[in-house]
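In: Would you be able to build a 3D model of this:
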Amino acid sequence: MDAMLSNATLFPRPTHLPVCTVTSTSNSAATSFAPISSKKPYFASRSQRRAPRSRRSSNSSTVGKFSITCAGITEINESQFSDTVLKSDRPVLVEFVANWCGPCRLIAPAIEWVAQEYRDRLTVVKIDHDSNPKLIEEYKVYGLPALILFKNGQEVPESRREGAITKVKLKEYLDALLGSISVS
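Out: Below you'll find the predicted structure:
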């Protein structure tokens, strides 16, 4: 007798949904976003996907800094790099990515897993390749995605990794690095 399988059986929904937080150093407060839990999948409308446009007054010249955190990963830019990475009192895994990079999208779930699994030992940040050319040049990032581990404001020797990586290899890579820097 043939069994009938539904989409819910073949593709089960995750038990927890990621929550993204957008924080700003401007006058606005932090805002949290989470998908709506319902029987149907949630798709943001066109107006929700697009950032609201604001009109600048003629005397307005400052732009606030924004930080986006999803599943424990903070997206930073060149101006936040020093405070977030170099001055951190704990190890920081920096992931250089680009929206157009297929391997970057491929390893995104593994990086989110790392951010959750190692949250008590490690900070994970993401840097957009196209928006931060000074950092790309300074750290000589030639391939994407690129992972670099920093500790005490310095790049950990032998920590640079470029290209896609499986979750198992990523765990081995991090366990070896975190083991070596805790000994020294």
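In: can we go C-alpha only for contacts and neighbour counts from here?
Out: Fine.
In: Count the residues that sit near Leu147.
Out: The tally of other residues near Leu147 (other CA atoms under 10 Å) stands at 22.
In: Against Asp175, how distant is it?
Out: Taking CA to CA, to the nearest Å as the measure, Leu147 falls 14 Å from Asp175.
In: do Val97 as well
Out: From Val97 to Asp175 the distance is 22 Å (CA to CA).
In: which of the two has more neighbours?
Out: Val97 (22 against 12).
In: Asn77 contacts His129, correct?
Out: No. Using CA atoms under 8 Å, Asn77 is not in contact with His129, being 9.6 Å away.
In: count of residues packed around Ala146?
Out: Neighbour tally, Ala146, other CA under 10 Å: 20.
In: and if you look at Ala115?
Out: Neighbour tally, Ala115, other CA under 10 Å: 22.
In: Same check on Pro91?
Out: That count, for Pro91 with other CA under 10 Å as the rule, works out to 23.
In: Go ahead and confirm it touches Arg121.
Out: Yes. Contact criterion CA under 8 Å: Pro91 and Arg121 qualify, at 7.3 Å.
In: ranges for the helices of this protein?
Out: When assigned using DSSP state H, the helices of the chain occupy the ranges 7-10, 46-49, 78-81, 102-117, 133-138, 167-183.
In: Select, out of those helices, the one closest to Gly153.
Out: Proximity to Gly153 (CA to CA) singles out helix 78-81 among the helices of the chain, at 10.3 Å.
In: CA atoms only: put that closest one into PDB for me.
Out: Extracted in PDB, the C-alpha atoms of helix 78-81 (Å, rounded to 0.1, in the frame of the first residue of the first chain):
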ATOM      1  CA  GLU A  78      34.100  50.100   8.600                       C
ATOM      2  CA  SER A  79      33.300  52.700  11.200                       C
ATOM      3  CA  GLN A  80      32.100  50.000  13.700                       C
ATOM      4  CA  PHE A  81      35.000  47.600  13.000                       C
END
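In: which residues touch that helix?
Out: Contacting residues not belonging to helix 78-81 are listed as Asn132, Lys134, Leu135 [CA atoms under 8 Å, 6 or more residues apart in numbering].
In: how far away is the last one from Ala110?
Out: Just to be clear, that refers to Leu135. Leu135 is 23 Å from Ala110, by CA to CA.
In: so where is the chain shaky, pLDDT-wise?
Out: Where the chain drops to pLDDT under 70, the residues are 1-71, 183-184.
In: so what's Arg177 closest to, chain neighbours aside?
Out: Heads up, residue 177 is Leu, not Arg. Ser159 (6.9 Å; CA to CA, 6 or more residues apart in numbering).
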